[in-house]
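*Asks:* following is a predicted model, sequence given first.
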Amino acid sequence: MIDQALLDRVQKQAWFHKYPRGWPFLLFIIASITTAVSVMAIERADRQTRRVELDRNLVEISSALERRVTENIALLRAGAALFGSQRDVSEEQFRAFAEDLQGKGNLYGSLGMGWAPLVSVEHLAELEVAQQDGGDFDWIVHPRPDVGQELVAPILYIEPQDQPNRDARAYDMFSDPVRRAAMQQAMKLGKPVASGKVHLVQDAGRTEAAGFLIYMPVVVGGGASRQVKGFVYSPFRAETFLNSASELYRADQIDVAIYDGAVAPENLLAERRAEGLTGPTMERRIDVGSHTWVVVISDRKVGLLSAASRITLFFGALTSLMVMAIARFITRRSAEDRRVLEWLQGQAAIRNSLTRELNHRVKNTLANVLSIAALTRRRATDIDEFTESLTARIRALSATHDLLSQSDWRHAGLGDVVRSELAPYMQGSEGHVEMSGPEIRLAPNDAMSLGLAIHELATNAAKYGALSRPEGRIHVHWHQIASDLAEVHWREEGGAPVAVPGKRGFGRDLIEKIVAHELKSDVQLEFLPAGVECRLRVPVRTSREFALRNDRRD
């Protein structure tokens with residue numbers, strides 16, 4: 001009765017065995033939560049990175065737009081100088097001038113260059129008669145001036161003379177309030193001024209096309225006699241101008257929109273759309289010929305999650321399932337062992353004569369199982385880690401010997417020596433080491449000395465220098481400075497701040513004395529604040545085969 005009561009109490013306390021599916025499911029939930037938290041952290045870091053990149057793209061795109069405007073203004077200033085320096089400029093002169101500046105007329109995103117004289121309404125008839133007498137019989141200013149209008153600015157010349165530009169000739173730009181405001185501002189400031197959003201005369205058949213113009217006033221005289229002779233200007237189709245500016249930056253996954261003055265649908269000048277999901281948005285105000293534009297960009301990305309998040313989610317889910325499967329297997333085995341133990345305890349209550357012997361055997365068996373499990377656990381944790389580190393060290397120390405053995409101790413490649421010595425520190429982090437240089441063969445003794453120096457530098461970098469931090473970088477470059485001499489430059493950056501050691505260590509003496517002596521050249525080892533730098537020169541000698549080896553071949 002007592003044994004049965006004890007067994008009942010143990011069964012009530014062992015709820016772990018009563019719910020064998022609980023532990024695997026709990027471990028699965030914990031692993032899944034860990035995966036979800038990791039994905040959230042990765043996505044948060046990715047969003048921050050994308051915002052930094054988006055800000056850089058905004059600055060780059062704004063600079064490209066401002067550069068295109070500056071380039072066009074430079075051409076307009078040259079045109080203004082032409083009209084300001086001559087009383088009359090013929091159409092042939094203007095055509096030759098424009099072709100020299102703009103070629104086919106589509107340079108820097110503009111539709112060309114034009115000249116519009118500023119004429120009073122009372123002298124308009126004289127201008128029309130002069131043009132018609134010159135052979136242009138259809139040149140009549142349109143639209144006709146309104147009552148009370150004092151000035152007109154008709155398009156007299158425009159290059160190149162393609163069909164859309166020819167259709168714009170004789171158009172009075174002073175009749176449009178947006179163009180007129182820009183010209184009046186240009187006359188007031190005496191410098192180039194961009195207009196607001198307009199519909200170009202060249203785009204009469206494209207109602208959805210938006211454009212703008214940049215006016216450069218031609219000022220003659222000075223003081224009280226100062227007057228504006230007219231305007232050299234360039235018309236721009238906003239979409240074409242944006243495409244021209246896009247040649248100056250690379251942002252394929254970026255939405256770009258340009259607004260006139262303020263962000264509003266009616267103020268949209270041009271936009272470029274990319275494929276993908278809409279991300280964060282940034283905007284910036286820029287000055288375009290004394291006129292304000294607002295540049296708005298939006299980041300685009302493919303998929304809801306980044307590549308790192310998808311990989312983490314996949315392996316996290318796989319790990320969660322594996323943990324649940326292993327835990328299920330362990331609980332099933334534990335439950336089976338528990339049932340066996342309960343059966344043995346029940347048999348012990350029935351057969352008192354076998355109790356002592358059975359208990360003795362069970363205790364011995366459990367002691368052996370626990371000892372083996374504890375030993376296996378200690379070896380699985382410590383010995384594996386120790387074995388992996390020891391194996392990497394042995395491979396690193398014997399790498400140069402292996403290289404020389406592969407070439408039958410004739411020579412070893414300089415680059416192969418450097419790579420073999422840095423191999424233990426590049427496992428999983430090859431991006432931390434940058435190596436470059438031509439193929440150079442070294443004699444065996446020189447290769448061994450160089451390998452010893454690189455090994456000491458790498459060991460020092462792993463303990464105290466660039467390899468001790470994730471952001472650290474090592475740059476190893478070599479080149480041949482003479483037919484019989486090569487130079488190796490070791491430079492570290494991104495590690496802990498470096499200070500000159502207070503006392504000389506074995507590694508420093510090894511490099512500056514032993515290695516320098518073996519290589520017959522001084523070693524320049526500098527402890528700069530940014531990182532250790534070392535320059536050493538290696539002889540490039542022609543290796544000779546042993547006489548015994550030649551005799552054997554003969």
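*Replies:* Thanks, I have the structure now.
*Asks:* tell me which element the residue lying closest to A308 once chain neighbours are set aside is part of?
*Replies:* Sequence neighbours aside, I42 is the residue nearest to A308 in space, at 5.2 Å (criterion: CB to CB, 6 or more residues apart in numbering). The C-beta positions use only the backbone N, C-alpha and C, and glycine is treated the same way. Element membership of I42 [criterion: DSSP states H and E] is helix 22-85.
*Asks:* separation between the nearest residue to L467 once chain neighbours are set aside and P497?
*Replies:* Excluding the flanking residues, the one nearest L467 by CB to CB, 6+ apart is A461, at 4.3 Å. The gap separating A461 from P497 is 14 Å, by CB to CB, to the nearest Å.
*Asks:* neighbour-wise, which of these two wins?
*Replies:* Between A461 and P497, counting by other CB atoms under 10 Å, A461 is the more crowded of the two (23 against 8).
*Asks:* let me know the helix or strand that the residue nearest to V488 when sequence neighbours are not counted is in.
*Replies:* Nearest residue to V488 in three dimensions, chain neighbours excluded: W478, at 4.5 Å (CB to CB, 6+ apart). Taking DSSP H and E as the criterion, W478 maps to strand 473-482.
*Asks:* mind listing what's buried in stretch 75-93?
*Replies:* 75-76, 78-80, 82-83, 89, 91 (16 or more other CB atoms under 10 Å).
*Asks:* shaky segments in the stretch 301-450 of the chain?
*Replies:* Along the stretch 301-450 of the chain, segments meeting pLDDT under 70 span 301-304, 306, 350-409, 424, 426-430.
*Asks:* could I get the pLDDT score of L548?
*Replies:* Note on L548: pLDDT of 41.
*Asks:* then Q149?
*Replies:* Looking at Q149, its pLDDT stands at 87.
*Asks:* quick revisit: settle this for me: the residue nearest to V488 is touching V417, isn't it.
*Replies:* No: here W478 does not reach V417: they are 9.9 Å apart, not a contact under CB atoms under 8 Å.
*Asks:* looking at these two, which one has more neighbours?
*Replies:* A count of neighbours by other CB under 10 Å puts V417 above the other of W478 and V417, at 29 against 22.
*Asks:* elements contacting the helix or strand harbouring that one?
*Replies:* Using DSSP H and E, V417 maps to helix 414-422. Contact here means 3 or more CB pairs under 8 Å, 6 or more residues apart in numbering; DSSP states H and E; on that basis helix 414-422 packs against helix 384-406, strand 433-436, strand 441-442, helix 444-463, strand 473-482, strand 485-493.
*Asks:* make it 7 Å
*Replies:* The contact analysis (3 or more CB pairs under 7 Å, 6 or more residues apart in numbering; DSSP states H and E) places helix 414-422 against helix 384-406, strand 433-436, helix 444-463.
*Asks:* that one vs helix 444-463, what angle?
*Replies:* Note on geometry: by axes from the mean of the first three to the mean of the last three CA atoms, to 10 degrees, helix 414-422 and helix 444-463 are set 40 degrees apart in direction.
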